[in-house]
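1. I would like the atomic coordinates for the input below:
(chains A, B, C and D)
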There are 2 protein chains.
Amino acid sequence: MGEAATGERRQRTDKQRNRTHILEVAEEFFAEQGITGSMDAIAKRAGVGPGTLYRHFPNREALLAALLQARDEELEARRDAIRREVADSRAALAQWLQALGEWVTAFDGLPEPLRAALTEDTSPLAITCQGFVTTTEDFLRAAQRDGGAKPWVRGRDLFLSTLATAWARGAAMADESSPDALVSLIRTGWETPATGTAPGSGEDPA
Amino acid sequence: MGEAATGERRQRTDKQRNRTHILEVAEEFFAEQGITGSMDAIAKRAGVGPGTLYRHFPNREALLAALLQARDEELEARRDAIRREVADSRAALAQWLQALGEWVTAFDGLPEPLRAALTEDTSPLAITCQGFVTTTEDFLRAAQRDGGAKPWVRGRDLFLSTLATAWARGAAMADESSPDALVSLIRTGWETPATGTAPGSGEDPA
DNA sequence: CCGTGAAACGGAGACTATCTCCTTATCGGT
DNA sequence: ACCGATAAGGAGATAGTCTCCGTTTCACGG
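-> All right, here's what the predicted structure looks like:
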């Protein structure tokens, strides 16, 4: 009873194979060229026609969403690891935000559709996004309870600021240190002043 | 001898007229559709052929740069007004950043090419950008001298964070308060803790 | 093993956008 | 009024997204 009970013919093997292969190729392609690379080029590299690509993934966003699902699981694993290993709630939030920041930098241009998905809930990326906001809220709440984060900050804002920072990092920053400076700026924004040190010298447990 | 001494024929009046008209139309068009609207559509609305549009402005960025030059002057006026009227250097920096933030929100999608121009100095927008960074550095230096801003913050980072915030504001944010929250977050980042109040309650002179 | 129908594939091509090139129209100077 | 320079106009080259439909391939039943 591994299949649906509707007695339907089982999915063709070539379909599943193509889908998997397209995803592998697309991951490689997006990593190289950024997420704005040509769709037809992905189809060609995967050795399928454009029609096949678009039947599996009706548009770029759908392809991206399917692609991110795998990485999504990695991030969830990292989230669980932080929950398990990092006792200090303030440090846990910081590490989660860093993990998030690295995740959205996986492909060039990724912050753009994610921000869009944050407002249009028709997007296949919306669910993923919402999950991240929720997780951020969890970490934030804990940090606020322990006095490690300012009480007026919201999880949604932290997520957005992480996206914005990743966006600012951009394709290739001439000034390598600016992204880090932004992270520090924002961290100083949400963190409780108790730490009192200059940014960059924040605690780094583990 | 109002013209160059090279004895060259003076510029045709229709050329100047077209250029001006294209700029007017483009400003209206970008304000409506955002800066990614079709170039040919701008040409059509201006009643000229694509060739004419592209002879005047070889690409979208050049058109944008010419367009922003006018607004640039407005911003410089505002900068001078702040210098003249705002005595407190911390408040002056805050107001300058706000002015900058409003300026880069003039057209939808404007932060993108500005960030790009920040790294590629071949862009016609690069000069404008650099000017803003310099101005930001001026205001920041003054604020730091008076103890109103943390000493390790750099002007370039503040400019980038302003761009990033404007980017986050995006087309149409479902949550209207998030952009303001980001501004507060960042302000808390650069400001000296002396103020000690929650964001949003910052001083607002004038 | 083979026939058959449903499902998936492939790619031509419709559509849109950017930008170029060359012919035609227009302007400024004499 | 004429002429040469200069700008305008728009067809079209190129590239990208996405669709439609004829063809192929697969799963299942005999």
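2. Chain A - how does it break down into domains?
-> A:11-58, A:69-195 (automatic domain parsing).
3. so how far is DNA strand D from the residue of chain A found nearest DNA strand C?
-> Closest residue of chain A to DNA strand C, CB to the nearest atom of the strand: A:G51 (1.9 Å). Any C-beta I mention is one placed from the backbone N, CA and C, and that applies to glycine too. Per CB to the nearest atom of the strand, to the nearest Å, A:G51 is found 3 Å from DNA strand D.
4. Could you report the neighbour count for that residue?
-> 9 (other CB atoms under 10 Å in any protein chain shown).
5. Which element, helix or strand, includes it?
-> helix A:50-56 (DSSP states H and E).
6. next one: A:A81
-> Counting by DSSP H and E, A:A81 is part of helix A:60-85.
7. Which strands and helices lie in contact with that helix?
-> Helix A:60-85 sits against helix A:13-33, helix A:39-46, helix A:89-103, helix A:111-119, helix A:126-145, with contacts defined as 3 or more CB pairs under 8 Å, 6 or more residues apart in numbering or on different chains; DSSP states H and E.
8. is that helix anywhere near DNA strand C?
-> No. For helix A:60-85, no contact with DNA strand C is found by CB under 7 Å from any atom of the strand; the gap never falls below 13.8 Å.
9. Give the rounded mean pLDDT of that helix.
-> Mean pLDDT, helix A:60-85: 95.
10. what is the orientation angle of that helix with helix A:111-119?
-> Counting by axes from the mean of the first three to the mean of the last three CA atoms, to 10 degrees, helix A:60-85 points 80 degrees away from the direction of helix A:111-119.
11. how far is helix A:60-85 from where the chain is centred?
-> Relative to the mean C-alpha coordinate of its chain, helix A:60-85 is positioned 7 Å out (CA atoms, centre = their mean, to the nearest Å).
12. Could you give me the buried positions within that helix?
-> A:60-61, A:63-68, A:72, A:75, A:78-79, A:82 (16 or more other CB atoms under 10 Å in any protein chain shown).
13. orientation of it relative to helix A:39-46 in degrees?
-> Using the same axes, to 10 degrees: helix A:60-85 against helix A:39-46 is 70 degrees.
14. okay, the angle between helix A:60-85 and helix A:13-33?
-> Using the same axes, to 10 degrees: helix A:60-85 against helix A:13-33 is 80 degrees.
15. Can you check the pLDDT for the residue of chain A closest to DNA strand C?
-> 97.
16. Repeat that for the one 5 residues further on.
-> A:H56 is assigned 98 on the pLDDT scale.
17. so who does it touch?
-> Neighbour list for A:H56: A:K15, A:N18, A:R19, A:I22, A:L63 [criterion: CB atoms under 8 Å, 6 or more residues apart in numbering or on different chains].
18. now do A:A142
-> A:S89, A:A92, A:L93.
19. Most neighbours among the residues you listed, which one?
-> That'd be A:L93 among those, by other CB under 10 Å, with 29 neighbours.
20. who in chain A is up against chain B?
-> A:115-116, A:118-119, A:150, A:152-154, A:156-157, A:160-161, A:163-165, A:167-168, A:170-175, A:178, A:181-182, A:184-190, A:193, A:198-199 (CB under 8 Å from any CB of the partner chain).
21. Flag the shaky bits of chain A, pLDDT-wise.
-> A:1-7, A:171-174, A:194-206 (pLDDT under 70).
22. tell me which parts of it are close to DNA strand C?
-> Counting by CB under 7 Å from any atom of the strand, chain A sits next to DNA strand C at A:8-9, A:11-12, A:14-15, A:18, A:47-52, A:55-56.
23. Check those residues against chain B and report the nearest one.
-> A:P50 (23.3 Å; CB to the nearest CB).
24. which residues does the closest one contact?
-> Taking CB under 8 Å, 6+ apart as the definition, contacts of A:P50 comprise A:M39, A:D40, A:A43.
25. so who does the last one touch?
-> Each residue near A:A43 by CB under 8 Å, 6+ apart is listed here: A:I22, A:G49, A:P50, A:T52, A:L53.
26. A:I186: what secondary structure?
-> helix (DSSP: H, G, I helix; E, B strand; the rest coil).
27. right, and it touches B:W190 too?
-> No. Assessed by CB atoms under 8 Å, A:I186 is found out of contact with B:W190, at 10.6 Å.
28. Much appreciated, bye for now.
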